[in-house]
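A.B. asks: got a structure for you, letters missing:
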């Protein structure tokens, strides 16, 4: 007999956390579950801990695989899942005891393919906060406008319950082998779900206290967002859904590309002009000039939109040099000040005034 | 039965002073069936209990009075050197071998002078630590006479008949570059612990009933700091709040380095950590027996910052920890003698990432560590003493 819910838990080197996560799952008030703890090639004590849980509780299954990244681990869980519904819980996060019962109950009541809620953030200083993926105050099944709103907000596969039949389409998967697989997966799930139900209640405890083990900001893997977005857009085209969802997809893609501008700025091991071209080509290839107007200004603001449009006209060539300019000027000032033996107060003041006027002019 | 041999031993540090350097050579010679005339520097407080131990060795000690607090000055070194040579010249034919011990390195310099006076006398030199390749030195703002020590190390490797190191990483680091040709004359004999030094019935664990992590020994301003453990306490209590009040971490030692004090002040859970003063060596062994787990913090060097891929240090304290038969949690470099030994004996070790240390602490508190105390025999002072004796006899016979 298949369980009502499959909990997919991707784990990679999470020995300090995985016990908290798995304990929160075996302690769920909803007993009719299976827990697929997917060890993504961990090199620490995580596999032993998973094995202990599996030995203690027959509902826990230890899925082992070679390391392939978060998305690949989620996919492995999807392939093994037998439940009517699927929930993803990262191995360093955890759920409150009644979360699964609540989500399944809502799915059954509403017939939703996708139930989504809020995340509760836990910060290092002990604070907590709620992250709401949608600016909605009340529980509701999303209509057209509500679905559109999904594309304007940050996507996460967590705090969500999926009807497993959504995954019968083998294209509804995380793009494996990349980071930012969430960016790729979420819009696919919005299309695959016929009915999406939103509840304004925290359904997921998200640990932000963990010392960062993610890549350095200068790592060129930040450019993984490019294949992530391209694959997602190709999915919509393959389903014949690109045109009906064009505006939403444009919004979603602009939002990510504009945000990634700041990451490209910090790139250390890749030519930043090349990176910018690669990133923004996603927009050009799918939306032509259509993204440079209102969608761009919505997320970038007028000043930054102007800058991006100008940079685009020049094939993004001047931007890296522009990014360097303040530090180059500061270094030159420093050298002059050292030679003179006194600060260049008047010069600094003039620079500040020029900068303010320039920005003010650009804002008009 | 082989005849008893008599050795002349310049050793700046030696028992009954009870610092770790004082105890190092004493413990490893205690069970050798040999006689030793030891010339040592008079240190601070003695612990007469130390010399009450019965072993196979006999020790006749000669103390040099000088300013023991300033070993890195010319005057003090000259005092020691003169005293050693004077004592040796009084009876140069009365010995079968020379044995010198660093630290301090002037012990070797004095032995070299003796060797030059009696070239036929076999010379065994034991290095507690490496000198020229010591990765701490570049982090010390002032370290006088280091060039002299490096030169002494090289001369000792060249002229000693046998060199003893306490681990293979130390040997490999010392015998690298131009000194690689001396690697063949190095014998590795590990540090040891003396079971008889531990209280037969350790005093009961005081107070709270909490699980107690204990660190005994000196923390440094750089590289060997408490901070990874302090951060780990924060991590553990952040991820598992139910562990609050269930454990404490106690650092016994001298002055707490300012960066560690600052880190402690900024902790959310600093009530779980306290710093206590230094404890006399023998008392520290009794304390170790009371610990829930013993914390070892090695110098955390990196290839990028220090050019060091493996730790060259085997802390003598680690062997004392092992002798206390309590679980040990080592914050160590991935490669090095501490990691090798702790791994082989079923203790826990990991790098300085707070999550890693927190996880190892959790394992200790949960009782998820099973050291293999049956494998400790090779690290007893008796076993090591026999190795020392065999090495010395080999050189004398040759």
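C.D. replies: Sure, I can see it. Computed from a predicted structure; not experimentally measured. Residues are numbered from 1 along each chain as shown, chains lettered A, B, ... in the order given.

A.B. asks: Quick one: residues contacting the residue of the stretch 151-300 of chain A found nearest chain B.
C.D. replies: In the stretch 151-300 of chain A, the residue that lies nearest chain B is residue A:209 (5.0 Å; Cβ to the nearest Cβ). In this view, the C-beta of every residue, glycine as well, is placed from N, C-alpha and C. Contact analysis of residue A:209 by Cβ atoms under 8 Å, 6 or more residues apart in numbering or on different chains lists A:122-124, B:235, B:238-239.

A.B. asks: what's the neighbour count on whichever residue of chain B sits closest to chain A?
C.D. replies: Residue of chain B nearest chain A, by Cβ to the nearest Cβ: residue B:359 (4.2 Å). Residue B:359 has 27 neighbouring residues, counting by other Cβ atoms under 10 Å in any protein chain shown.

A.B. asks: Backbone dihedrals for it, both of them.
C.D. replies: phi -60, psi -40 (degrees, to the nearest 10).

A.B. asks: which SS class is the residue of the stretch 151-300 of chain A closest to chain B?
C.D. replies: Of the three states, residue A:209 takes coil under DSSP: H, G, I helix; E, B strand; the rest coil.

A.B. asks: Ok, residue B:6 next?
C.D. replies: Applying three-state DSSP to residue B:6 yields a three-state assignment of strand.

A.B. asks: ok, back up a step: looking at the nearest residue to the residue of the stretch 151-300 of chain A closest to chain B once chain neighbours are set aside now. What's its pLDDT?
C.D. replies: Leaving aside its chain neighbours, residue A:209 sits nearest to residue A:124 (4.4 Å; criterion: Cβ to Cβ, 6 or more residues apart in numbering or on different chains). Looking at residue A:124, its pLDDT stands at 85.

A.B. asks: show me the contacts for residue A:124.
C.D. replies: A:208-209, B:238.

A.B. asks: The closest residue to chain B within chain A: neighbouring residues, count only.
C.D. replies: Using Cβ to the nearest Cβ, the single residue of chain A nearest to chain B is residue A:16, 4.2 Å away. Per other Cβ under 10 Å, the neighbour tally for residue A:16 reads 29.

A.B. asks: Over to residue A:181?
C.D. replies: Residue A:181: 25 neighbours (other Cβ under 10 Å).

A.B. asks: likewise residue A:328?
C.D. replies: Residue A:328 has 10 neighbouring residues, counting by other Cβ under 10 Å.

A.B. asks: Same check on residue B:382?
C.D. replies: Residue B:382: 16 surrounding residues under other Cβ under 10 Å.

A.B. asks: Check it and give its pLDDT.
C.D. replies: Taking residue B:382 on its own, its pLDDT is 98.

A.B. asks: Spell out the secondary structure type for it.
C.D. replies: Assignment for residue B:382 (three-state DSSP): helix.

A.B. asks: Quick one: residues contacting it.
C.D. replies: Residue B:382 touches residue B:31, counting by Cβ under 8 Å, 6+ apart.

A.B. asks: Which of the contacts of residue A:124 sits closest to residue B:199?
C.D. replies: Nearest to residue B:199 out of the contacts of residue A:124 is residue B:238 (Cβ to Cβ; 37.5 Å).

A.B. asks: Surely the closest one is within a helix?
C.D. replies: Yes. Counting by three-state DSSP, residue B:238 is found in a helix.

A.B. asks: How about it: what's its closest non-neighbour residue?
C.D. replies: Leaving aside its chain neighbours, residue B:238 sits nearest to residue A:209 (5.0 Å; criterion: Cβ to Cβ, 6+ apart).
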